[in-house]
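# Could you look at this predicted model? Sequence included:
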Amino acid sequence: MAITVNIRYSGKNGAAKAFAHEMIESGTVAKIRAEKGNVRYEYFIPLAENAEEVLLIDSWENQEAIDVHHASPMMSVIAELREKYDLHMSVERFVSDDGISENDKKFIRN
């Protein structure tokens, strides 16, 4: 059962995109992806609705892995960059359900 957290970062004048680029270019994203229990850590930019927003999809094997990540020095790096770019956040949290129903599989093209 994985836990996925969607974080929408928003700012002004391209700040959210600059934040995501700095996270990637500084190697911070690579370090987070290498943490035990990380399943996915990936940024996305919306096509049209909000040009000042970036979506982070952040998935972990379990709550313990998230807790270890939150206690790591990585969080202070992330917090400093959030402040640097004056970002605001909205957060959604999802828990996976171990599978796709047979009914849903009919609509998935592999």
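Arrived safely, thanks for sending. Just so you know, these numbers come straight off a predicted model, no measurement behind them.
# worst-scoring helix or strand of the chain, pLDDT-wise?
Lowest on mean pLDDT, DSSP states H and E among the helices and strands of the chain sits helix 102-105, with a mean of 86.
# From the chain's centroid, how far away is it?
On the basis of C-alpha atoms, centre = their mean, to the nearest Å, helix 102-105 sits 27 Å off its chain's mean C-alpha point.
# For that helix, list the C-alpha coordinates in CSV.
This file holds the C-alpha atoms of helix 102-105, laid out as CSV (Å, rounded to 0.1, in the frame of the first residue of the first chain):
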residue,chain,number,x,y,z
GLU,A,102,-11.7,-5.9,-13.6
ASN,A,103,-14.3,-3.3,-14.6
ASP,A,104,-11.7,-0.5,-14.7
LYS,A,105,-9.3,-2.7,-16.7
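# counting contacts, what elements does it pack onto?
If contacts are counted by 3 or more C-beta pairs under 8 Å, 6 or more residues apart in numbering; DSSP states H and E, helix 102-105 sits against no helix or strand. No exception for glycine: its C-beta is placed from N, CA and C like everyone else's.
# right, and residue 19 touches residue 89 too?
No - counting by C-beta atoms under 8 Å, residue 19 does not reach residue 89; the two are 10.8 Å apart.
# so where's this protein uncertain?
Filtered on pLDDT under 70, the chain yields no residues whatsoever.
# can you pull out the strands in it?
For the chain, the strands defined by DSSP state E cover 3-10, 38-44, 53-60, 88-95.
# tell me the most buried of these?
Among these, strand 53-60 has the highest mean neighbour count (mean count of other C-beta atoms under 10 Å), at a mean of 20.
# partners of it in the sheet?
strand 3-10 (antiparallel), strand 38-44 (antiparallel) (DSSP bridges).
# Quick one: residues in contact with the last one.
Put plainly, it is strand 38-44. 2, 4, 20, 23-24, 29, 32-33, 54-61, 65, 69 (C-beta atoms under 8 Å, 6 or more residues apart in numbering).
# Before I go, just wanted to say thanks for your time.
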